[in-house]
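**Student:** mind looking at a prediction? Sequence and model below.
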Amino acid sequence: MKKEQGISLIELVLVIAAVGVLALLISSLPSSIQSIRNSGNTSLAREIASKQLDSFRKQTYANLANGINSFTDVSLSKLPTPTAQYDIEDCPLEICASGEEAKTIKVTISWYETGKLKSVQLSTLVTEGGLGQ
Amino acid sequence: MKKEFGQVVILLLLIMVVALAIGLSTIGRSILEVSTSRKSEDSSRAFSAAEAGIERAIKQNEDFIGTANPVGAVNTLNNQAGATILAGGINTSTNALGFINVTKRDFAQFWLASPSTSDKFYTGTSFDIYFGDPDIDGTKYDKNVPEKRANQPAIEVNIIYWDGSKYQTYRRYYDSRKDTSGTPTPDPRLDNNPSGNNVCNVYSPAAIATNDNVLTNYYCKVTVFGFPNSGSSFPLMVRVRLLYTDLAHPIALKPAPGLSLPPQANIYNSSGTSGDVKRTLEVTNYRSVMPQFFDYVLFSANDLIKN
């Protein structure tokens, strides 16, 4: 049998495939890690927002003044360049069709992640004498 | 030469397997994290929407206990999540209405008139009150063995009624330590009740079905009668309070045979949905009533003059 010289085609293909798979994996690692961080931030933002909604439920209804305001939370600083605000409005007629006395409250937490603005928004209704009051 | 080349392939394979394992686990974890956080966000939204639905139902029905037919599917909050609201009353039909753990700081409240309109509902002239946990002293009650009735309570039954022109109260006290014949068992507590009706009519009565259709055992059954319920006077509500006990006991009111109690409260059931997540909240809304100590307050529109 003749002694083989150099590299066969199969060997070359195998090596290229291996290198390709490795390169693909390594290139996708940063974005995976980024999305893990992103989901952690989203969860944190969601918790801050729902905590804020709960605190509105416990407030006296008359103290819920219409308007957009920002608020702070101890966990907020864990998000990169965060903003936290709530928007209180009278319940619009398309929701409160029979004109119930109610407020819509929207809590929005947003932050920057790799240059992109991400946000989480929760909204609910609060009425006088409703839940938590 | 050939031998060495084989070793390189094995080494390469090993490295690739390790790298694949690390890479795949990272990707897998990130997929898991993303889907978890999306689900929990959806869940929060659905919960907020369900709460919004409850708030709206409460507001719509605040003056209508028991009519309970209102809201269908409502898109409570645009672009985010919707809530479906159902409402119904706690309806006892002819079953008893029971409270499970009443303590001495608390009381059991039963409406005999419609809670929302205060119109006459209950037409009977008597009803039964069941009270006391039969197993609270370890073993089944035996009225002749002191340690087996050590923690059994007495009760105060306070019926608030409309006499045609004003609200009045009709109060009765019942001690579980008195015999049906009226003979005090060794240590009776409510000796001075003038009515003479202050006894258990039945000890350890047969279990009765309460509003949730659960058969419940009680220690003592008394029949309350004598309150005005004819012409323009009718009973509004019954408030039952425990005496002589530090422990929690069940209390139930069973209407006279064939009669029923008015719906006592509204039940709202709101389902919020967001994405694939659905969350359901159920709230029971009783009409607010004065706390117990107001039963002992004297109200007067004018100055009180003591003669």
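**Tutor:** Alright, I've got the coordinates.
**Student:** where does chain B dip in pLDDT?
**Tutor:** By pLDDT under 70, the weakly predicted segments of chain B are B:1-5, B:62-92, B:138-148, B:178-188, B:190-197.
**Student:** and if we set it to 50?
**Tutor:** Where chain B drops to pLDDT under 50, the residues are B:1, B:67-74, B:76, B:78-79, B:194.
**Student:** over to chain A?
**Tutor:** Across chain A, nothing is flagged by pLDDT under 50.
**Student:** could I have stretch B:219-235 exported to CSV, CA atoms only?
**Tutor:** The C-alpha trace of stretch B:219-235 is given here as CSV (Å, rounded to 0.1, in the frame of the first residue of the first chain):
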residue,chain,number,x,y,z
TYR,B,219,-71.2,21.7,69.9
CYS,B,220,-74.4,23.4,70.7
LYS,B,221,-77.6,24.4,68.9
VAL,B,222,-79.9,27.1,70.2
THR,B,223,-83.2,28.3,68.7
VAL,B,224,-83.6,32.0,68.8
PHE,B,225,-87.2,33.3,68.7
GLY,B,226,-89.3,36.1,70.0
PHE,B,227,-87.8,38.9,67.8
PRO,B,228,-90.4,41.1,66.1
ASN,B,229,-91.1,40.1,62.5
SER,B,230,-94.5,41.1,61.5
GLY,B,231,-96.3,44.2,60.1
SER,B,232,-93.8,46.9,59.5
SER,B,233,-91.2,45.5,61.9
PHE,B,234,-88.6,43.1,60.6
PRO,B,235,-85.1,42.0,61.6
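**Student:** now do the buried residues in that stretch.
**Tutor:** Within stretch B:219-235, the residues that count as buried by 16 or more other Cβ atoms under 10 Å in any protein chain shown are B:Tyr219, B:Cys220, B:Lys221, B:Val222, B:Thr223, B:Val224, B:Phe227, B:Pro228, B:Asn229, B:Phe234, B:Pro235. (Each C-beta comes from the backbone N, C-alpha and C, glycine too.)
**Student:** list the contacts of stretch B:112-127.
**Tutor:** B:63-67, B:111, B:159, B:162, B:223-227, B:229-230, B:234-238, B:253-256, B:259, B:261-265, B:286-287 (Cβ atoms under 8 Å, 6 or more residues apart in numbering or on different chains).
**Student:** kindly check the end-to-end length of it for me.
**Tutor:** Terminal residues of stretch B:112-127 lie 10 Å apart, using Cα to Cα, to the nearest Å.
**Student:** list the buried residues of it.
**Tutor:** Buried residues in stretch B:112-127 (16+ other Cβ under 10 Å): B:Leu112, B:Ala113, B:Ser114, B:Pro115, B:Ser116, B:Lys120, B:Phe121, B:Tyr122, B:Gly124, B:Phe127.
**Student:** and for stretch A:24-34?
**Tutor:** Buried residues in stretch A:24-34, defined by neighbour count with 16+ other Cβ under 10 Å: A:Leu25, A:Ser32.
**Student:** contacts for it, please.
**Tutor:** A:Glu113, A:Thr114, B:Ala19, B:Leu20, B:Ile22, B:Gly23, B:Leu24, B:Thr26, B:Ile27, B:Arg29, B:Ser30.
**Student:** next, count neighbours for the last one.
**Tutor:** B:Ser30 has 21 neighbours, counted by other Cβ atoms under 10 Å in any protein chain shown.
**Student:** and what about it, helix, strand or coil?
**Tutor:** Classification of B:Ser30 using DSSP: H, G, I helix; E, B strand; the rest coil returns helix.
**Student:** and if you look at the fifth one?
**Tutor:** Taken by three-state DSSP, the conformation at B:Ile22 corresponds to helix.
**Student:** residues near it, how many?
**Tutor:** Count around B:Ile22 with other Cβ under 10 Å applied: 13.
**Student:** which one is the residue nearest the centre of chain A nearest to, not counting chain neighbours?
**Tutor:** Nearest to the mean C-alpha position of chain A, by Cα atoms, centre = their mean, lies A:Thr42 at 3.0 Å. Take A:Thr42 and drop its neighbours on the chain: the residue closest to it by Cβ to Cβ, 6 or more residues apart in numbering or on different chains is B:Ser37, 4.6 Å away.
**Student:** where does that neighbour fall, phi/psi-wise?
**Tutor:** phi -70, psi -30 (degrees, to the nearest 10).
**Student:** the most centrally placed residue in chain B bridge partners, please.
**Tutor:** Most central in chain B under Cα atoms, centre = their mean is B:Phe99, positioned 6.4 Å from the mean C-alpha point. On the basis of DSSP bridges, B:Phe99 is bridged to B:Ile251.
**Student:** ok so, going back, pick the one among the contacts of stretch A:24-34 closest to B:Asp135.
**Tutor:** B:Arg29 (51.8 Å; Cβ to Cβ).
**Student:** for the closest one, what are its contacts?
**Tutor:** Listed by Cβ under 8 Å, 6+ apart, the contact partners of B:Arg29 are A:Ser32, A:Ile36.
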